[in-house]
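Engineer: sequence first, then the predicted structure, then my questions.
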Amino acid sequence: MAREKPGPGARGAHERKSAPAARVAQAPVARPAVPLTHPAMLLSLAAVAATALLLVTYALFEPDFWQHLLVGKVIWQTHAVPGQQIWTWPTYGTPDITPSWLFRVLIWPLWEKGGVWGLFAWRWLVTFAMFGLAFATARRMGSRGFAALGVLLMCVLAYRTRSQIRPETLVSVLIALQIWLLESRRQGGADRSAWVVAIAWVWANAHISYYLGFVILGAYVADAWLRSRSGGAGEKAALRKLLWLTLASAAISFLNPFGWGALWQPVDYFLHLSHEPIFRDIKELQPFNWADNLTNGLDLLLIGWPLLVLWRVFRRKVDVADLVLCVAFTTLTLTSLRFFGFFAIAGAPFIMRDLDEGLAQRPWSAPPGAVWWKAVAVLILAFGIARAELRREEPAPGVSIDWSYFPVRACDFMAEHGVRGRGFNPFYEGGYLLYRFWPDRERLPFMDIHQAGGPGIRLLYLNASSRQEGWPPLDRRFHFEYAVVDRRRHAKSAILDALDSDTTWAMVFVDDAAAVYVRRTGPLAPIAERFAYHRLPGGLSRLGPLGNVVATDSTVRNEVVAELQRQILDSPWHAGALSLLANVALMEGRYTEARTILSRGLAIQPTLGLVHERLGLIDMEEGKPRDALAEFEHERRLIDGVRPGNALLIGAAWRRLGDPGRARAWYRRELKVDPGSAAAAESLAALERSGGR
């Protein structure tokens, strides 16, 4: 088999060889290498590339990108970066820093010229760039095996959920590029490290995470300092150059439209903003949760990289850059979910190199044909990941935007009927409202995606979002005239229930994505009079009592059905209305019609709650327990098996199928989830009384 030579060149090689092996990384040991041109390697690379492409090709649903697009559009149109708050009405005109302006300038033309395909072209290009650079870095460090491709796949899988249209995608490329530049120089390749200064300028203007560039530089400065202690003149010169590059990078970072104010943002967040309740409530800013990452490979990477670093320490082959970056990015990821994409990018080349070196130390030799067997293993891994991705119901694979997450028809209603004034909205709706209505001052959002407004406003907002009693103080301060409230991401929002309970407000539009409320008095009173819903609520707390009334009062039932049919006509995103209509059909024993209605709801929203459970109940009524079991198990996959009642239904299906053993096991599972379940206890007791029949 062909062998490739170790990575480092001649420059400074004799100084590196004189450094103690216990303290610095040595050049990779010679080992059987698989050239990139080998057919097995080419096939594996193609499979990895195709899988990476698939992993980031799913419907866009995160709301922030609408504001990114608008800000980019404004900068292109005005040829200036806004220095005032022009995005929200409560603080309009106050001095403000426009974050991530460079990313927004880059992304707007892609949307303007290419639409959805332009946005996906960005996702594909940055994904290939960052992981291509990671792979090139690992090769430069001496990684030659197929295991590295498996690591690369796992890193893409871990990163995929951060591949929405956000500034972090550009930052990920900068991370991979900076590590490639510094590592190539360290391994004796061409010295292009001066480009890290340009990276620092781009980073400072693209995202507040610019300080991570100095973390990376610091890791290589620490490595160079340790080498210089026992190295020659070449190692000392390398250290001096890195120090000058660090100083130059710091200086050029001030060349941004807001000077030191922009650079102060991450410090301000750490000292002040991170202690505000609203930021602690945002999921991506919360600490890492191991249970949420069992299927994306991130748990394995978070454990694997530190273990590989420790393995090098025990073998007295410490790589200081590897060690520092591992500690830094692992710590950041464990303290905030926002950083796990950066962890996957920064760690990829080192994990690939370290794993490859570890496998090279195995005591047995590779069997004949091992290259192709390894390629097959990579193909199986790629196929398994791709298959799981294609079976995902949400977000759906494909080049698209999931419009059901955005208040599209709510904004259409506002435009058609003149809803304007002092409006309220959750911050995650602010981006789309801005995109639709800016610069109309009377339709600017209350809060944008950056939670603009200051600590006092943010605290009032969070109190209103978390409990119904919090809404009146917020309303009294700002005297809102209308509200656009999300129903897709946060259907249990206390604001929806508060507005439903407040007789001074009327819901005038509702679909799966959002509800629009207007005040019954004032300039929007005619809209309230004409379009108010009288029976249907926007929130969830009133649905249970309404269902009880519908079950006993045919007049109310007919009124509810009429309002549900109106909702269906008003918006193409009406899966929730269909779900409630199906309940009415089930209530009246119209099982075939209920099945049809539920199927229509699934076509709109594949993860619509309790649909498969209700389809299973229909199957049970129609004497088809095998079909019912499949539906109940489908529902269980959607809820991760944690909702009370699901295991009870599966047990009932198994009993109808004549398998008392499995029925008994599922009844016991139900009691573990819900120890107070009388139905599960009675079903289990009845099974025992019947002698397991």
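Structural biologist: Looks like it arrived, so ask away.
Engineer: quick check: the gap between the nearest residue to Gln85 once chain neighbours are set aside and Gln84.
Structural biologist: In space, and not counting its chain neighbours, Gln85 is closest to Asp96: 4.0 Å by Cβ to Cβ, 6 or more residues apart in numbering. The C-beta positions use only the backbone N, C-alpha and C, and glycine is treated the same way. Asp96 sits 6 Å away from Gln84, going by Cβ to Cβ, to the nearest Å.
Engineer: show me how the chain divides into domains.
Structural biologist: Listed domain ranges for the chain are 13-59+124-390, 403-531, 542-608, 609-693 (source: automatic domain parsing).
Engineer: adding mean neighbour count, write those domains out as a markdown table.
Structural biologist: Formatted as a markdown table, the entries for these read as follows, by neighbours: other Cβ atoms under 10 Å:
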| stretch | mean neighbour count |
| --- | --- |
| domain 13-59+124-390 | 19 |
| domain 403-531 | 20 |
| domain 542-608 | 17 |
| domain 609-693 | 17 |
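Engineer: most centrally placed residue in the chain?
Structural biologist: The centre of the chain sits closest to Thr161, judged by Cα atoms, centre = their mean, with a distance of 3.9 Å.
Engineer: tell me the pLDDT of the residue nearest to that residue when sequence neighbours are not counted.
Structural biologist: Spatial nearest neighbour of Thr161, excluding adjacent residues (Cβ to Cβ, 6+ apart): Asn296 at 7.1 Å. pLDDT recorded at Asn296 is 78.
Engineer: show the pLDDT at Arg693.
Structural biologist: Looking at Arg693, its pLDDT stands at 61.
Engineer: ugh, wrong one, I meant Ser683
Structural biologist: Predicted confidence (pLDDT) for Ser683: 88.
Engineer: what sits closest to it if chain neighbours are left out?
Structural biologist: Counting by Cβ to Cβ, 6+ apart, the nearest residue to Ser683 once its immediate chain neighbours are dropped is Tyr667, at 5.1 Å.
Engineer: if we can go back for a sec, nearest to Leu69, of the domains of the chain?
Structural biologist: domain 403-531 (6.2 Å; Cβ to Cβ).
Engineer: what about the closest one, how long is it end to end?
Structural biologist: Chord length of domain 403-531, first to last residue, is 24 Å (Cα to Cα, to the nearest Å).
Engineer: could you list the low-confidence segments of this structure?
Structural biologist: The model of the chain has pLDDT under 70 over residues 1-32, 363-369, 641, 691-693.
Engineer: ok, Arg123 to Tyr58 distance?
Structural biologist: On the measure of Cβ to Cβ, Arg123 and Tyr58 end up 9 Å apart.
Engineer: cool, and Leu546?
Structural biologist: 36 Å.
Engineer: next: Trp201.
Structural biologist: 33 Å.
Engineer: do Lys241 as well
Structural biologist: Lys241 is 43 Å from Tyr58, by Cβ to Cβ.
Engineer: so the residue nearest to the centre of the chain touches Thr295, yeah?
Structural biologist: No. Using Cβ atoms under 8 Å as the test, Thr161 is too far from Thr295 to be in contact (11.1 Å).
Engineer: surely the residue nearest to Ser683 forms part of a strand?
Structural biologist: No. Going by DSSP: H, G, I helix; E, B strand; the rest coil, the assignment for Tyr667 is helix, not a strand.
Engineer: list the contacts for it?
Structural biologist: Ala647, Leu648, Gly651, Ala680, Ser683, Leu684, Leu687 (Cβ atoms under 8 Å, 6 or more residues apart in numbering).
Engineer: the same query, at a cut-off of 7 Å, please.
Structural biologist: Leu648, Gly651, Ala680, Ser683, Leu684 (Cβ atoms under 7 Å, 6 or more residues apart in numbering).
Engineer: also Arg420?
Structural biologist: Arg420 neighbours (Cβ under 7 Å, 6+ apart): Glu442, Arg443.
Engineer: so it: helix, strand or coil?
Structural biologist: With three-state DSSP as the criterion, Arg420 reads coil.
Engineer: and Arg316, by the same measure?
Structural biologist: Per three-state DSSP, Arg316 ends up coil.
Engineer: what does Leu608 give?
Structural biologist: Assignment for Leu608 (three-state DSSP): coil.
Engineer: which of Asp96 and Gln84 has more neighbours?
Structural biologist: Each of Asp96 and Gln84 has its neighbours counted (other Cβ atoms under 10 Å); Asp96 has more, 19 against 12.
Engineer: surely that one and Val81 touch.
Structural biologist: No. The pair Asp96 / Val81 is not scored as a contact, 10.7 Å apart, by Cβ atoms under 7 Å.
Engineer: residue ranges of the strands in this structure, please?
Structural biologist: Taking DSSP state E as the test, the strands found in the chain are 423-424, 482-486, 505-510, 514-519.
Engineer: which residues touch the second one?
Structural biologist: Same thing as strand 482-486. Outside strand 482-486, the residues that reach it (Cβ under 7 Å, 6+ apart) are 407, 410, 419, 421, 423-426, 428-429, 433, 493, 495-496, 499, 514-518, 524, 538.
Engineer: how does it look with 6 Å?
Structural biologist: Strand 482-486 has contacts (Cβ atoms under 6 Å, 6 or more residues apart in numbering) with 407, 410, 419, 423-426, 429, 495-496, 514-518.
Engineer: then the last one?
Structural biologist: By Cβ under 6 Å, 6+ apart, the list of residues contacting strand 514-519 from outside reads 407, 410, 413, 481-487, 499, 505-509, 524, 527-528, 538.
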